[in-house]
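Q: just coords:
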């Protein structure tokens with residue numbers, strides 16, 4: 001009787017559970033499977049979970065980090081009381097008061113020596129003095145403060161002062177040139193500008209054209225050497241040391257910001273038009289970095305090299321995270337050519353950079369190995385493959401390989417690096433694998449943008465699959481939206497594809513004084529449309545495969561994404577940089593290639609071609625034919641479609657740079673400017689194509 005009662009109870013319970021479960025095909029009672037609309041609305045994957053954006057659609061397309069699937073992160077899990085950048089720095093000053101914070105190299109009699117350090121406590125004191133002095137100069141809450149110089153301790157101290165007294169910091173790119181700086185100062189109504197002697201002269205040249213500015217502070221300037229300004233100009237000019245003294249003698253209480261208050265306006269150069277001011281709140285930046293803290297763990301024994309521009313969000317976010325963990329931050333001298341020397345002296349444990357530098361390191365090491373002799377090359381290859389096998393099978397590599405081979409390579413970054421990160425543009429999988437093996441440390445790649453307070457997604461430590469940018473930051477969610485004109489849809493097999501859209505507490509407030517462009521990128525449901533095309537790999541890891549923006553139509557109606565084609569041709573040995581051009585009046589693409597001079601010289605020698613100078617060699621028909629042939633081979637290997645092949649090429653020695661106006665500060669090609677710059681070459685190539693082969697390859 002008791003057994004029959006228990007069976008009856010069990011059946012009743014199973015029937016009740018069935019309301020929340022889908023029956024399996026064979027047996028509705030004992031073989032049941034989860035109903036996707038039940039429970040906590042998550043389908044688990046290794047790195048991400050998938051949720052429906054709206055239950056009634058039945059479509060599961062919103063990805064969140066598996067680390068926080070049911071709630072988007074907005075605060076540090078261990079310190080939820082930190083809601084602003086000011087809170088974050090106060091936490092660091094209280095927790096790491098006597099720990100090293102800001103380090104610069106001493107210069108004695110023209111010789112650069114060791115690093116001299118300021119502690120977190122000392123930086124906190126300087127922060128209060130700077131903020132107090134600005135307050136005494138009449139700057140009220142919400143005033144915009146411009147920072148017009150490269151990475152130094154003073155840059156961060158001024159930024160901390162802005163946070164403590166509810167000012168808004170506005171980085172002024174020294175790489176954008178005076179015209180852009182003048183535009184930003186006027187557009188943001190900047191009232192005080194911090195500069196250095198080298199940027200002061202540019203400011204003074206258009207002082208009459210920036211009426212909002214009323215205080216200029218010169219960092220590193222000596223009072224008696226500063227020029228005197230006419231009283232009628234309404235601008236006061238003082239040195240940073242004088243500002244500190246004024247503040248110390250009249251300390252003011254903090255003006256605490258709220259999480260929803262604006263912390264900074266970061267102007268992005270863009271590839272067209274005037275700079276756009278990205279408005280980021282304290283809450284935006286804290287949420288982004290709090291999400292990163294779930295997978296990235298630093299400590300107060302760590303040392304970080306700061307050389308990436310503080311005017312960019314990548315380095316700003318790195319600094320916020322470093323402060324949270326009490327990391328010591330050492331600065332480079334300001335000269336990229338001396339960076340390796342700075343690294344050797346600082347010996348950082350953390351190193352964040354961009355693919356451009358990692359690619360140079362990779363090329364340098366490979367070339368050194370090849371020129372070291374057959375025996376050493378074989379030793380390197382044996383060590384490399386042994387460590388690779390150990391890494392892929394989660395085994396420890398024999399330590400002898402480090403002693404024999406890799407410690408010399410590690411020494412290039414000081415010998416202590418335990419964490420490396422790459423961002424700003426894609427890092428090739430072979431270079432990432434190379435870094436992991438040679439440096440024997442965690443190497444991750446992230447994806448983000450200024451409008452998302454930096455990180456959208458980042459690789460998880462220990463994930464040995466390359467060629468992706470990991471799962472979503474726990475502080476945001478991601479979905480892919482169909483782009484039918486480019487044949488990218490969520491139904492694509494084997495992986496869903498589409499435009500990457502992001503939502504969550506990391507999304508910016510909007511573009512400053514520009515509602516029209518804000519509405520173009522943020523839709524009514526709060527999704528930021530990035531313009532990047534992605535796909536979901538297994539496990540919920542994101543791969544960037546294309547770019548929606550900058551697409552154009554050829555004459556026959558085919559859509560072209562030039563950045564995709566350029567990334568393919570970049571693998572050609574001759575190609576240092578590549579600009580792909582096409583338009584609706586022509587049926588094919590042409591290319592302008594900035595060549596690698598060393599590769600060009602080696603090729604000419606192997607072909608027995610004589611030349612007077614490299615310019616002549618670039619214009620030689622045989623050279624252009626050889627480069628185009630190799631580009632074709634690389635294109636076929638990457639399975640470019642017929643109309644995506646360049647039909648003609650112009651070779652140039654001059655690299656694309658910010659100085660000649662062809663690159664943005666984040667190293668993206670300025671397409672309208674490049675089109676104008678190479679207008680004659682483009683016209684000549686189309687004339688050549690029309691006489692030789694007017695029909696595009698199919």
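A: Here it is on my side, so go on. Every value quoted in this text rests on a predicted model; they were computed, and no experiment measured them.

Q: for the lengthiest helix in the chain, which positions count as buried?
A: Under DSSP state H, the helix in the chain containing the largest number of residues is helix 374-392. Within helix 374-392, the residues scored as buried using 16 or more other C-beta atoms under 10 Å are 379, 380, 383, 384, 386, 387, 388, 391. Placement of C-beta: from N, CA and C, glycine included.

Q: now do it, average pLDDT.
A: Helix 374-392 carries an average pLDDT of 89.

Q: off-centre distance for it?
A: Taking C-alpha atoms, centre = their mean, to the nearest Å, one finds the center of helix 374-392 at 31 Å from the center of the full chain.

Q: mind showing which ranges of the stretch 301-450 of the chain have poor pLDDT?
A: Scanning the stretch 301-450 of the chain for pLDDT under 70 picks out nothing.

Q: quick one, strands of it?
A: Remark: strands assigned in the stretch 301-450 of the chain by DSSP state E, counting those that start in this stretch are 303-306, 328-331, 350-353, 419-422, 442-449.

Q: what does the third one contact?
A: Just to be clear, that refers to strand 350-353. 298, 302-305, 308, 314-315, 318, 322, 327, 343, 413, 417-423 (C-beta atoms under 8 Å, 6 or more residues apart in numbering).

Q: just send the buried residues of helix 374-392 back as TSV, with distance to residue 580 too.
A: TSV is the format used below for the buried residues of helix 374-392 (distance: C-beta to C-beta, whole Å):
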residue	distance to residue 580
379	41
380	36
383	39
384	34
386	40
387	37
388	34
391	36
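
Q: so who does the residue nearest the centre of the chain touch?
A: The residue lying closest to the centre of the chain (C-alpha atoms, centre = their mean) is residue 424, at 2.9 Å. Under the criterion of C-beta under 8 Å, 6+ apart, the contact list for residue 424 reads 312, 314, 354, 355, 666, 667.

Q: surely the second one meets residue 423?
A: Yes. Contact between residue 314 and residue 423 holds when scored by C-beta atoms under 8 Å: they sit 5.2 Å apart.

Q: the more surrounded of those two?
A: Neighbour count, other C-beta atoms under 10 Å: between residue 314 and residue 423, residue 423 has more, with 27 against 22.

Q: not counting its neighbours along the chain, what's nearest the more buried one?
A: residue 446 (4.8 Å; C-beta to C-beta, 6 or more residues apart in numbering).

Q: check residue 622 too.
A: Nearest non-adjacent residue to residue 622 (C-beta to C-beta, 6+ apart): residue 609, at 6.5 Å.

Q: quick check: the one you found touching residue 616?
A: No. Under the criterion of C-beta under 8 Å, residue 609 makes no contact with residue 616, lying 10.1 Å away.

Q: who touches both of these two?
A: Counting by C-beta under 8 Å, 6+ apart, nothing touches both residue 609 and residue 616.

Q: span of stretch 414-431 from start to end?
A: Using C-alpha to C-alpha, to the nearest Å, the end-to-end distance of stretch 414-431 comes to 20 Å.

Q: and it, how far out from the chain middle?
A: How far stretch 414-431 lies from its chain's middle: 12 Å, per C-alpha atoms, centre = their mean.

Q: tell me which residues in it are buried?
A: Here stretch 414-431 shows 414, 416-417, 419-424, 426-428, 431 as buried, counting by 16+ other C-beta under 10 Å.

Q: those: which two are farthest apart?
A: 416 and 426 (27.3 Å; C-beta to C-beta).

Q: any residues in contact with both of residue 314 and residue 423?
A: Shared contacts of residue 314 and residue 423, counting by C-beta under 8 Å, 6+ apart, come down to 352, 448.

Q: partners of whichever strand or helix holds residue 500, with directions?
A: In the assignment (DSSP states H and E), residue 500 maps to strand 497-503. Using DSSP bridges, strand 497-503 pairs in its sheet with strand 477-481 (antiparallel), strand 528-537 (antiparallel).

Q: which residues are in contact with stretch 116-130?
A: Residues outside stretch 116-130 that contact it (C-beta under 8 Å, 6+ apart): 89-90, 92-93, 96-106, 153, 156-158, 160-161, 164, 243-244, 247-248, 251, 254, 326, 328.

Q: can you give me the offset of that stretch from its chain's centre?
A: Taking mean C-alpha positions (C-alpha atoms, centre = their mean), stretch 116-130 and its chain are 28 Å apart.

Q: tell me who's in contact with residue 301.
A: Taking C-beta under 8 Å, 6+ apart, one finds residue 349 in contact with residue 301.

Q: quick check: phi and psi at it.
A: phi -90, psi -10 (degrees, to the nearest 10).

Q: these two touch, right, residue 285 and residue 85?
A: Yes. The criterion here is C-beta under 8 Å, and residue 285 meets it with residue 85 at 6.2 Å.

Q: those two - which one has more neighbours?
A: residue 85 (29 against 24).

Q: what touches both of residue 285 and residue 85?
A: Shared contacts of residue 285 and residue 85, counting by C-beta under 8 Å, 6+ apart, come down to 263, 320.

Q: report the rounded mean pLDDT for stretch 621-629.
A: Mean predicted confidence for stretch 621-629 is 94.

Q: that stretch: which residues count as buried?
A: 623, 624, 626, 627, 628.

Q: for stretch 602-616, same thing?
A: Buried, per 16+ other C-beta under 10 Å, within stretch 602-616: 603, 604, 614.

Q: now those residues in JSON lines, with distance to residue 633 and pLDDT?
A: Converted to JSON lines, these look like this (distance: C-beta to C-beta, whole Å; pLDDT from 0 to 100):
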{"residue": "603", "distance to residue 633": "14", "pLDDT": "93"}
{"residue": "604", "distance to residue 633": "19", "pLDDT": "93"}
{"residue": "614", "distance to residue 633": "23", "pLDDT": "91"}
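
Q: filter these down to the ones in strands?
A: Per DSSP state E, strands hold no members of the buried residues of stretch 602-616.

Q: and which of the residues you listed is nearest residue 678?
A: residue 614 (18.1 Å).

Q: ok, the closest one - contacts?
A: 597, 600, 601, 653.

Q: which elements pack onto the longest helix of the chain?
A: Judged by 3 or more C-beta pairs under 8 Å, 6 or more residues apart in numbering; DSSP states H and E, the packing partners of helix 374-392 are helix 355-370, helix 400-401, helix 429-439.

Q: who's in contact with that helix?
A: 369-370, 372, 395-398, 401, 404-406, 433, 436-438, 440, 464.

Q: specify the angle between that helix and helix 355-370 in degrees.
A: Counting by axes from the mean of the first three to the mean of the last three C-alpha atoms, to 10 degrees, helix 374-392 lies at 130 degrees to helix 355-370.
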